[in-house]
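Participant: After the sequence you'll find the predicted model.
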Amino acid sequence: MASQLLGLNYEEGLRKLELPTLAFRRSRGDQIEAYKIIIQNTMPPRPEVTYNWVNITSEFFHATKDLELGELLHDDIFGLFEAMSAIEMMDPKMDAGMMCNRGKKVLNFDQAVKAGALKLNNLTMEELVGIMDSMLACLVTWLEGHSAAQTILTCLYLHKPLSIEDRALRAFSIQTLKLIAIINNIVHSAGVFEEEDFQPALYGYGVCAEVTEVRAGGMMREVEEELQRAVKATRNKQGEAWDPKMQKQHEDAVALFSRIRFMRLFYAALAAIMRREPVSIPEAERCLASCTELVCIMQNTIGRGLRPKQPKDEEGNKVDYPVIMGFEPLVNQRLLPPTFPRYTRLRTRKEAMHYLEEMVTRLRHITKITHCLTFHSALEFIEHFSESRPCVLSRSLAQVLYLGGDKLWGGQGMAEALREAARGFICPPALLSKAPVMNNTQAKEYVDSFFTRCVRPFEQLIQTCGHNRARQRDKVAHLLEEYAMLQDEADKVDAFLHNVLLKSDQPRPHLAYLGTWVLYHTLRLMIKYLLTGFTLELYAVHEYHYVYWYLYEFLYVWLVSALSRADAMLLEQDGYDTNKTGKSGRSSKNRNRNKKRHRPYGKEITYNQALQHLCGGYYKAMLGLREAGKVKLPLQEFDSEQVRYEHRFLPFSVVMTPPPVHYDQFLSMTDLSNFPQPVSPATLYHDARNHFFKARTLLETIHTPNTEVQQLLKVVKTNFVVMKLLEGGHKADDPTRPQFDFTTHPCFPIIKI
Amino acid sequence: MKTGGDFRDNLVDLTGGGARPGDNTEKQSQRKSTPGRMNLEKWLHSSMKIEMTDGRTLVGSFVCTDRDNNIILGSCTEHLRPDEDGREEEPRVLGLAMIPGRHIVSICIDEASQPPQPSTSMYT
């Protein structure tokens, strides 16, 4: 390099070396020096704390004798309140540091090696498999939301993986650290976790930055190949008896091989998904498919690993779970926050393997989100996935895969995808290609800014579905505020486009197109909010009637009407298209397509009508049961129905369409004395029966019913019979209260009398 | 937070600062004057080192005590007994900690330290 510079002059030399000039470097150096001087002068010198301790023990004990019983000595700003927030030392429930000081010394990596308690080389196959399985069990426990310090980081080998001499264990340890890092990264970038789902803190334990990702994979592969040779060499030869020693070697090698390979492929799959490239998804799918097979082998070979000795009974220490070499449960105890110590029960190896198996299946499922080409299908996919209560890693991965950086999967921007979604949903004339209204610059601007405005709420909609089920309800309540504002905006844009379109050459109305689209999502959120109350078991039985009433009387009615409107608009648009093509040769083809596209939302409308009647059935049934005195009611003075009602529907108060229904409206609408005929429980049961019957008829018209429809059918059929029995006076005098069985469907129970 | 304030309103101040019914000023002034109290008040806000029965040492500023020698230290750190080879581990930050009197082995006060001006944030 230097020789090449010999012939060059100063300026050329600098350019070649990409260096700035000396003058610049001098000035920069001066600035840095100046900064150092200023900072040193203004910052107070760090005080070197030296104490001059004087023992006052007896003096102190003597002085406190002057205090009265129960009297606290303190200054003005410190009070009993502050005193109560102090953590109490030497209390096993509060003092996390107390654990480490009991019994045997807790050794860190270096101490353990020095003491001969940690082997770095010549580990037996039993030990290797056992350590790896324990690591996996720790990893799984971490993924279930426990602190890394109490799970995976209790493995001493992970503290200094480069000091391990055994090649298999070293590669596995490094790969595990890399895996922890990538999982942390995935969960972080998706941002759909709460403190109960995941503890991201790794307490400064590195990801082993000295070894690159590629090198780590390479190390794994080398070990893998070596083991594969061992597996082959020890294989049973045909026609010969299998030497038992050989057989054991073979089985051990298979056990170790499957673990190493699983770890490598699992990491590779995650890394491939995170790349979000069209080619990387099939690669991830291949890796995950092998992982499924490897987990099976791992499950069958758990027994080959070293197992921990049963803990001795006299050590009644709760956190002291059975450990094997390389694990020190208390090694990080002092890293935990100074709150009360939490105990972590580690998963057993069997449980861990089962968890890994299911996780791989979940990950294989979420890669299918790449087949969702429209926003609505992706939303449906994630919503549906969320119903299976997936783990935080798979939830996060689905989010990252679809929402990713600034572009959705497939390279579309969110605004663009939403524009397409709205077009697909209701086909607003302004969104058609070559729509004349787009020549109007202001109209174009309005439409563009509307979809830009949509991006955030719809992103949040997707993210909401990524959160755990319990948190989703809260998030939906917040989201409704966003959608209320969006609704307002959509109505304004619709009105403007309407005016522009009426004045154009081909006058067409443009009423409530975008509005209906936003309304559809708002209604779905509202329904979801109420229904998740059932899945989370929030409602008391005496609340069922108004929750189902709200769904039956308003939300499903509105949803059906929004869908019907979209349906009509799509058909109308088809009509326009056919007229435009006129008598050209394609008209017959078009007609065929029309027939096929007949009532695009037919199925969804029928389904929602069925649910409306189902809710109506529950509402009437609950009224009947209340009238018959079969529902336990709270005492009015302690538990006001109005307060409960208002609390249950509180998030709806921000939404303008549909308008919130207040408690007094509910009372006047459901007042039984307003009914034309006198009402008895029997007449209410009769109404309920009719509703269940209608729901059943509607559900039965759905072709190719999915599992949910089948579950609902079972529910309505049973409830129909129950209502008939009640109507006939069965058990009318029996004071036992009915049971609501949510096992068939989480939101719509089977009533049992 | 509002709830904190409400909670405090309901507490009975046992130190004599509040005007409790049946509390006479004579008793209060008599309370303040005993030499033991004066000593304790002198030590308030000084750095204090407490050794506990399990060998750990806590260092923090002395903020509160009572008749049973229960002591509360603010901005407290926990130090472990040094290793055989003299190595000491990093202290652990605890914040506000209460040490029950029965677990105290020894108490040291830092003579040189000037009690810092009390501020509201020092206890957290």
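Facilitator: The structure has been received and is ready for your questions.
Participant: From B:D66, how far out is the residue in the stretch 51-200 of chain A that chain B sits nearest to?
Facilitator: Here the stretch 51-200 of chain A gets closest to chain B at one residue, A:D66, 3.2 Å apart by Cβ to the nearest Cβ. The C-beta positions use only the backbone N, C-alpha and C, and glycine is treated the same way. According to Cβ to Cβ, to the nearest Å, A:D66 stands 11 Å off from B:D66.
Participant: okay, those two: which has more neighbours?
Facilitator: Neighbours per residue (other Cβ atoms under 10 Å in any protein chain shown) separate A:D66 from B:D66, with B:D66 holding more: 21 against 18.
Participant: neighbours of the closest residue to the more buried one other than its chain neighbours, just the number please.
Facilitator: Using Cβ to Cβ, 6 or more residues apart in numbering or on different chains and skipping residues adjacent in sequence, the residue nearest B:D66 is A:L72, 5.3 Å away. When neighbours are counted by other Cβ under 10 Å, A:L72 registers 18.
Participant: looking at it, A:L72 is touching B:C64, isn't it?
Facilitator: Yes - contact between A:L72 and B:C64 holds when scored by Cβ atoms under 8 Å: they sit 5.8 Å apart.
Participant: what residues are shared contacts of these two?
Facilitator: Shared contacts of A:L72 and B:C64, defined by Cβ atoms under 8 Å, 6 or more residues apart in numbering or on different chains, are found at A:A83.
Participant: and A:Q739, what is it in contact with?
Facilitator: A:I751, A:K752, A:I753.
Participant: beta partners for it?
Facilitator: A:Q739 has these beta-bridge partners by DSSP bridges: A:K752.
Participant: State the distance from it to chain B.
Facilitator: 39 Å (Cβ to the nearest Cβ, to the nearest Å).
Participant: nearest spatial neighbour of the closest residue to chain A within chain B, skipping sequence neighbours?
Facilitator: Nearest residue of chain B to chain A: B:G36, at 3.2 Å (Cβ to the nearest Cβ). Nearest non-adjacent residue to B:G36, counting by Cβ to Cβ, 6+ apart: A:D66, 3.2 Å away.
Participant: Next up, the contacts around A:L530.
Facilitator: A:V547, A:Y550, A:L551, A:L555, A:R648.
Participant: picking that back up, and the residue nearest to B:G36, its phi and psi?
Facilitator: Main-chain torsions, A:D66, degrees, to the nearest 10: phi -70, psi -20.
Participant: ok, which stretches of the stretch 301-450 of chain A are strands?
Facilitator: With DSSP state E, counting those that start in this stretch as the definition, the stretch 301-450 of chain A shows no strands.
Participant: pLDDT weak spots in chain B?
Facilitator: B:1-32, B:83-88, B:113-124 (pLDDT under 70).
Participant: switch the cut-off to 50
Facilitator: B:1-5, B:16-26, B:117-124 (pLDDT under 50).
Participant: Enumerate the positions of the helix or strand harbouring A:R170 that are buried.
Facilitator: In this assignment (DSSP states H and E), A:R170 forms part of helix A:167-190. Under the neighbour-count criterion of 16 or more other Cβ atoms under 10 Å in any protein chain shown, helix A:167-190 has A:168-187, A:190 buried.
Participant: now the angle from the helix or strand that it is followed by to helix A:167-190?
Facilitator: Counting by DSSP H and E, the next helix or strand C-terminal to helix A:167-190 is helix A:213-233. Put simply, helix A:213-233 runs at 140 degrees to helix A:167-190, going by axes from the mean of the first three to the mean of the last three Cα atoms, to 10 degrees.
Participant: Give me the helices and strands touching the helix or strand that helix A:213-233 is followed by, please.
Facilitator: Remark: after helix A:213-233, the chain's next helix or strand is helix A:244-275, criterion DSSP H and E. Counting contacts by 3 or more Cβ pairs under 8 Å, 6 or more residues apart in numbering or on different chains; DSSP states H and E, helix A:244-275 packs against helix A:125-143, helix A:167-190, helix A:213-233, helix A:280-300, helix A:349-366, helix A:392-403.
Participant: So for the third one, mean pLDDT?
Facilitator: Right, the one you point to is helix A:213-233. Helix A:213-233 shows a mean pLDDT of 92.
Participant: now the second one
Facilitator: Helix A:167-190 comes out with an average pLDDT of 93.
Participant: Alpha carbons only: can I get the helix or strand where B:M38 lies in PDB?
Facilitator: According to DSSP H and E, B:M38 maps onto helix B:35-43. Coordinates of the C-alpha atoms in helix B:35-43 are reproduced here as PDB (Å, rounded to 0.1, in the frame of the first residue of the first chain):
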ATOM      1  CA  PRO B  35     -30.600  13.000  74.900                       C
ATOM      2  CA  GLY B  36     -31.300   9.800  73.000                       C
ATOM      3  CA  ARG B  37     -33.600  11.600  70.700                       C
ATOM      4  CA  MET B  38     -31.100  14.400  70.200                       C
ATOM      5  CA  ASN B  39     -28.500  11.800  69.300                       C
ATOM      6  CA  LEU B  40     -30.700  10.100  66.800                       C
ATOM      7  CA  GLU B  41     -31.800  13.400  65.200                       C
ATOM      8  CA  LYS B  42     -28.200  14.300  64.900                       C
ATOM      9  CA  TRP B  43     -27.500  11.100  62.900                       C
END
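Participant: What is it packed up against?
Facilitator: helix A:57-64, strand A:72-74.
Participant: Which strands or helices does the helix ranked longest in chain A pack on?
Facilitator: Longest among the helix segments of chain A by residue count, using DSSP state H, is helix A:469-502. Using 3+ Cβ pairs under 8 Å, 6+ apart, the elements in contact with helix A:469-502 are helix A:441-466, helix A:513-535.
Participant: burial measure for residue 80, as a count.
Facilitator: Using chain A here. A:L80 has 16 neighbours, counted by other Cβ under 10 Å.
Participant: Switch to chain B, please.
Facilitator: Per other Cβ under 10 Å, the neighbour tally for B:L80 reads 17.
Participant: go on, A:C372?
Facilitator: 18.
Participant: My guess is it contacts A:F381. True?
Facilitator: Yes - here A:C372 reaches A:F381: they are 5.2 Å apart, a contact under Cβ under 8 Å.
Participant: ok, which stretches of chain B are strands?
Facilitator: B:47-52, B:57-66, B:71-79, B:92-99, B:104-110 (DSSP state E).
Participant: For A:L123, find the nearest of those strands.
Facilitator: Among these, strand B:92-99 comes nearest to A:L123, with 33.4 Å by Cβ to Cβ.
Participant: Check which residues of the closest one are buried.
Facilitator: Neighbour count says strand B:92-99 has B:R92, B:L94, B:G95, B:L96, B:A97, B:M98, B:I99 buried, by 16+ other Cβ under 10 Å.
Participant: What of stretch A:78-97?
Facilitator: Across stretch A:78-97, burial judged by 16+ other Cβ under 10 Å covers A:78-80, A:82-83, A:86-90, A:94-97.
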